[in-house]
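S.K.: sequence plus predicted model, see below.
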Amino acid sequence: MQKKSIFHYIKPSVPKYWLYAVAGLLWTFAGAMLFFKSETIWLCCIKYNNAVIILGEGVFTAFCINHFIFHKIVNKNLKRILKYQNKVCLFAFISWKSYFLILTMIFSGYLLKSSSFPKQYLFFLYICMGAVLIISSFRYYLFFINSLKK
């Protein structure tokens, strides 16, 4: 019999369908945070008419980015999760490489927010990325719901 390491006992193992829910919740949370941060930080700096136009453009662009880029990223994550056995580590909802990407995006957002970049462009970027993440998260929820039905 093989001896189990200490990490085996402290690893939070869950049925793999929970990975869909965790990924969806994380993407929704991050998207909502960006969406509402853009509103509270930069909306006051932009005229109402311009803000409505930028908001519309940001959401439209988000749908395009979701269709051409993030749809592939979500599919890649879903395929990876499907390959797992029934019980898997809770943190496996994204690949290890993606954790580094998330940290890079957080750091980039901090640098942009601290920069002298024009506020209406930051408003657009935050609205766009927030909407992309929220839109993309629904695919994870669909997989979660479908896996509960099985």
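M.R.: Looks like it came in fine. Residues are numbered from 1 along each chain as shown.

S.K.: contacts, neighbours, all on C-alpha from now
M.R.: Noted.

S.K.: so where's this structure uncertain?
M.R.: The model of the chain has pLDDT under 70 over residues 1-10, 43-44.

S.K.: quick one: secondary structure of residue 14?
M.R.: strand (DSSP: H, G, I helix; E, B strand; the rest coil).

S.K.: for it, give me its contacts.
M.R.: If you count contacts by CA atoms under 8 Å, 6 or more residues apart in numbering, residue 14 has them with 87, 88, 89, 90.

S.K.: excluding chain neighbours, what is closest to the third one?
M.R.: Sequence neighbours aside, residue 13 is the residue nearest to residue 89 in space, at 4.4 Å (criterion: CA to CA, 6 or more residues apart in numbering).

S.K.: returning to that earlier point: from the contacts of residue 14, list the buried ones, please.
M.R.: The neighbour count (16 or more other CA atoms under 10 Å) marks 88, 89, 90 as buried among the contacts of residue 14.

S.K.: now the residues you listed as TSV including secondary structure?
M.R.: Shown next, in TSV, are the buried ones among the contacts of residue 14 (three-state DSSP):
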residue	secondary structure
88	strand
89	strand
90	helix
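
S.K.: between the residues you listed, which is closest to residue 150?
M.R.: residue 88 (18.1 Å; CA to CA).

S.K.: relative to residue 19, how far out is the residue minimising distance to the centre of the chain?
M.R.: By CA atoms, centre = their mean, the chain has its centre lying nearest to residue 27, at 2.8 Å. For residue 27, the distance to residue 19 equals 12 Å [CA to CA, to the nearest Å].

S.K.: who's in contact with residue 141?
M.R.: 20, 21, 24.

S.K.: ditto for residue 15
M.R.: So residue 15 contacts 86, 87, 88 (CA under 8 Å, 6+ apart).

S.K.: at 10 Å instead, please
M.R.: 84, 85, 86, 87, 88, 89, 90 (CA atoms under 10 Å, 6 or more residues apart in numbering).

S.K.: could you work out the most separated pair of those residues?
M.R.: That would be 85 and 90, which, of the contacts of residue 15, are the farthest apart (CA to CA) at 12.6 Å.
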